[in-house]
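Sequence first, then the predicted structure, then my questions.
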Amino acid sequence: MIRRPPRSTLFPYTTLFRSEMVLGRSVQDLLYDGVYSKSVTLMVLKQKMMVSIMERLKIGKEVLLTGIPVFNRENDIVRVVTTIRDLAKLNSLRQKLARTQKINKRYQLELSHLRRQQMKIDNVVVFSKQMKEIMRLTIQVANVDSTVLITGESGVGKEVVARAIHQAGKGNSKPFIVVNCGAIPENLLESELFGYEKGAFTGANKEGKPGLFELAEGGSLFLDEIGELSMLLQTKLLRAVQEKEITRVGGVRSIKINMRIIASTNRNLKKMVKEGKFRHDLFYRLNVVPIHVPPICQRRESIIPMINLFLNRFNKQFKKNIKIDPDTLNILEKYDWPGNIREMENLIERLVVISDKDIIDKSYLPEHILDQNYIKTSSNIVIPGLMPLEEAVKEVEKQLISTAFKKYPTTRETAKALGVSQATIVRKMQRYALNRMNKEKL
């Protein structure tokens, strides 16, 4: 059996040549014999510089040949180093790079779109962790048509969040219609929502009238205070949400509708469902994407930025340049704002309007804000009779920490209000076994 010689090291891609066929032979001879059609070595010797050429071997494989000259001290070429690269692999890498660049471009476009969406959201101050999460969810849900239920106290900005969802969505050029379900009498609300046919009732428009569901076509219908709806209207609303169609008052023809429904309430709908005051099937249809907006007292880091937002707005509106001094801002920051953002907006407008100075100080603040601030900081410490001074000091300390922690949601803010370190507050709360009321956010 004849042993076969190893493959050529010069041509790793071909099995047509054995090593003895090429080793020790001149480049001219190999070129003459048709081993390859062009010689990169001869080109390097002639041009005295690095040369790269593409060559198709007899086996059909396309390669990139690169000849690199090696010079001696007299600047003569003593050898040529030749490298061979498979162009198929290079082309594959090039295609992968092109696909990666295409994917990267798509991600950049999507990121740019999200940034543009965020830029469209007006009058939203996003400083607290809660609001950042709400805005993240808002941007995410804006790209789909799922029903959204926004909950929270009166005045926290539920409509602002609803508008943000609409503005960031694909239907932002279409109508955004707001309906306060608690402000319109039931007999009028039905015709306003669903519309009516001609002659449906006395005083009706002779031509009939489309309802707000129809007018919101392609856009968003915001049903504020949804918990105020009667059971009859809840039933009709359920069909609209579930079947995506309505029937006008006095009509028999079903009308297809296409819009996003956003509902809001300051009431506990789950409790109302248990009490039989709200349809459970409607609740689950509305509560596809729940968003809870916390009261302003639970996101105090947003208070000063929001005050500045309203201050700038009303300064521009009334052509003034009013500022609020730091002590007054400190009082406003500690105030609990039971009316939330609506109360804050009204107060700042009033301060800008009535101020006859460039700087607003605490003398301009309403008494109830000053009184609450005084009561909150004075703490109403009570000592249960005579006791050793050391025990009395501990009792006062315990009551002060307890009172401060009821006002501020974190140990960090509590420590700041009492002028001590956070570690001191945590240690003393453990010593006095104070209940943290599940509010801890270290």
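Yep, it's here.

Go ahead and confirm residue 138 touches residue 291.
Yes: with contact defined as CB atoms under 8 Å, residue 138 counts as touching residue 291 (7.2 Å). C-beta coordinates here come from the backbone N, C-alpha and C atoms, glycine included.

tell me the centre residue of this protein?
By CA atoms, centre = their mean, the chain has its centre lying nearest to residue 136, at 2.0 Å.

Pull up the overlap in contacts between residue 138 and residue 291.
residue 161 (CB atoms under 8 Å, 6 or more residues apart in numbering).

What count of nearby residues applies to residue 343?
Look at residue 343: counted by other CB atoms under 10 Å, it has 16 neighbours.

on that earlier part again, the residue nearest to the centre of the chain and residue 164: what is the separation?
From residue 136 across to residue 164, the span is 11 Å (CB to CB, to the nearest Å).

low pLDDT regions in this structure?
Within the chain, the stretches with pLDDT under 70 are 1-22, 30, 33-37, 57-60, 108-125, 199-206, 372-387, 435-442.

what ranges do the strands span in it?
Assigned strands in the chain, in chain order: 51-56, 62-71, 77-86, 148-151, 176-180, 195-196, 209-210, 220-224, 245-247, 254-256, 260-265, 289-292, 323-324, 359-360 (criterion: DSSP state E).

most packed of the ones you listed?
strand 260-265 (a mean of 26; mean count of other CB atoms under 10 Å).

and the angle from that strand to strand 176-180?
30 degrees (axes from the mean of the first three to the mean of the last three CA atoms, to 10 degrees).

What is strand 260-265 packed up against?
strand 148-151, helix 158-168, strand 220-224 (3 or more CB pairs under 8 Å, 6 or more residues apart in numbering; DSSP states H and E).

rewinding a little: select, out of the strands of the chain, the one closest to residue 189.
Closest of the strands of the chain to residue 189 is strand 176-180, at 7.8 Å (criterion: CB to CB).

Let's have the strands of the chain in CSV, adding distance to residue 410.
Formatted as CSV, those follow (distance: least, CB to CB, whole Å):
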stretch, distance to residue 410
strand 51-56, 66
strand 62-71, 64
strand 77-86, 62
strand 148-151, 23
strand 176-180, 35
strand 195-196, 50
strand 209-210, 51
strand 220-224, 32
strand 245-247, 48
strand 254-256, 50
strand 260-265, 28
strand 289-292, 19
strand 323-324, 25
strand 359-360, 29
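
can you tell me which of those comes nearest to residue 96?
From these, taking CB to CB, the stretch that ends up closest is strand 77-86, at 14.9 Å.

That closest one pairs with which strands?
strand 62-71 (antiparallel) (DSSP bridges).

Output the partner strand as PDB, restricted to C-alpha atoms.
C-alpha atoms of strand 62-71 as PDB (Å, rounded to 0.1, in the frame of the first residue of the first chain):
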ATOM      1  CA  GLU A  62     -12.500  31.900  -4.000                       C
ATOM      2  CA  VAL A  63      -9.600  33.100  -1.800                       C
ATOM      3  CA  LEU A  64      -7.900  36.400  -0.900                       C
ATOM      4  CA  LEU A  65      -4.100  36.200  -1.400                       C
ATOM      5  CA  THR A  66      -1.900  38.800   0.400                       C
ATOM      6  CA  GLY A  67       1.800  39.000  -0.200                       C
ATOM      7  CA  ILE A  68       4.000  40.800   2.300                       C
ATOM      8  CA  PRO A  69       7.600  41.600   1.400                       C
ATOM      9  CA  VAL A  70      10.500  41.200   3.900                       C
ATOM     10  CA  PHE A  71      13.400  43.500   3.300                       C
END
